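A.B. asks: no sequence for this one, just the structure:
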């Protein structure tokens, strides 16, 4: 023997909707307020800070490895040198992509991003530089 309960379709849908709304509203309220940063990241003149992670590298005039001509280089940086990073570019050359950063420290110019460890703050960069045993 089959027992059939007839429910109007509209009532079933409304009942499910009300249950979903009640379930969604019964969650715990977040206690931690969201506090925006004191200054907008877009207002900063730099992206972050970097620490050179190779023993010795040349700073390039343009973001290309083969552009460094004989005697034309803004300078060199050693392992542990702290630089501010002002710009990031993705350069495609011969089917391969590489990220470069415009840095300023003892020299201003371009480095492959893989040659620097990037940090949000100067304090983080200084701590990392000191741990390299510079």
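C.D. replies: Right, received. Where do you want to start? Source: prediction; values computed, not measured.

A.B. asks: please make it C-alpha for all contacts and neighbour counts, starting now.
C.D. replies: OK.

A.B. asks: show me where the chain has its helices.
C.D. replies: Ranges of helices within the chain are 9-25, 122-131, based on DSSP state H.

A.B. asks: of all those helices, which one comes closest to residue 56?
C.D. replies: Go through the helices of the chain one by one with Cα to Cα and the one that ends up closest to residue 56 is helix 122-131, at 14.2 Å.

A.B. asks: residues contacting the closest one, please?
C.D. replies: Defining contact as Cα atoms under 8 Å, 6 or more residues apart in numbering, one finds that helix 122-131 is touched by 48-51, 80-82, 118-119.

A.B. asks: buried set for it?
C.D. replies: For helix 122-131, the neighbour count (16 or more other Cα atoms under 10 Å) marks 122, 125-126, 128-129 as buried.

A.B. asks: ok, now stretch 53-64?
C.D. replies: Under the neighbour-count criterion of 16+ other Cα under 10 Å, stretch 53-64 has 53, 57-61, 63-64 buried.

A.B. asks: this completes my enquiry, with thanks.
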